[in-house]
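sequence below, structure please.
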Amino acid sequence: ALVAGSTTMTLRLLSGAGFFRISLVDDSSALRDRFDPAQRAQMMGLRLVETVADRWGIAPSSDGREIWAMFLVGAAAGSAM
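Numbering: from 1, shown residues only. Got it, this is the predicted structure:
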């Protein structure tokens, strides 16, 4: 969000039975950033999220966009394998 020039950001954490979810809501409306070599670090960050998260995505929100990742824990993590 900082690299993309967002001026407002909200970090959200949610947990439930067998999962936790983290998301960052920023004021950008872009669901996919244009390829820009100067933003290579941002692309690497999303690839890291994709590698470690069980599910992730970028979705529109009322404030702009939400980049989220969900992680399964306990029995839920074992059943996802």
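
going forward, measure contacts and count neighbours with C-alpha atoms only.
Fine.

can you pull out the strands in the chain?
Taking DSSP state E, the strands of the chain run over residues 9-16, 19-26, 55-61, 64-72.

quick one: V25 from S61, how far?
Computed with CA to CA, to the nearest Å, the distance linking V25 and S61 is 8 Å.

next, count neighbours for D26.
Here the number of neighbours of D26 (other CA atoms under 10 Å) works out to 23.

does it touch S62 like I think?
No. Taking CA atoms under 8 Å as the contact criterion, D26 and S62 are not neighbours in contact, 10.0 Å apart.

now the closest residue to G64 other than its chain neighbours: how far from G18?
Spatially, and ignoring its direct neighbours in sequence, G64 is nearest to D27 (4.3 Å; CA to CA, 6 or more residues apart in numbering). Taking CA to CA as the criterion, D27 is separated from G18 by 30 Å.

so for those two, which sits in the more crowded spot?
The residue with more neighbours, out of D27 and G18, is D27; 20 against 13, by other CA under 10 Å.

if I look at the more buried one, how far off is R12?
14 Å.

now G74
21 Å.

average pLDDT for stretch 62-81, rounded please.
Summarised as a single mean, pLDDT over stretch 62-81 is 81.

thought S23 was touching R65?
No. Assessed by CA under 8 Å, S23 is found out of contact with R65, at 10.0 Å.

who touches stretch 18-27?
Contacts of stretch 18-27 with the rest of the structure, by CA atoms under 8 Å, 6 or more residues apart in numbering, involve 1, 6-15, 61, 63-77.
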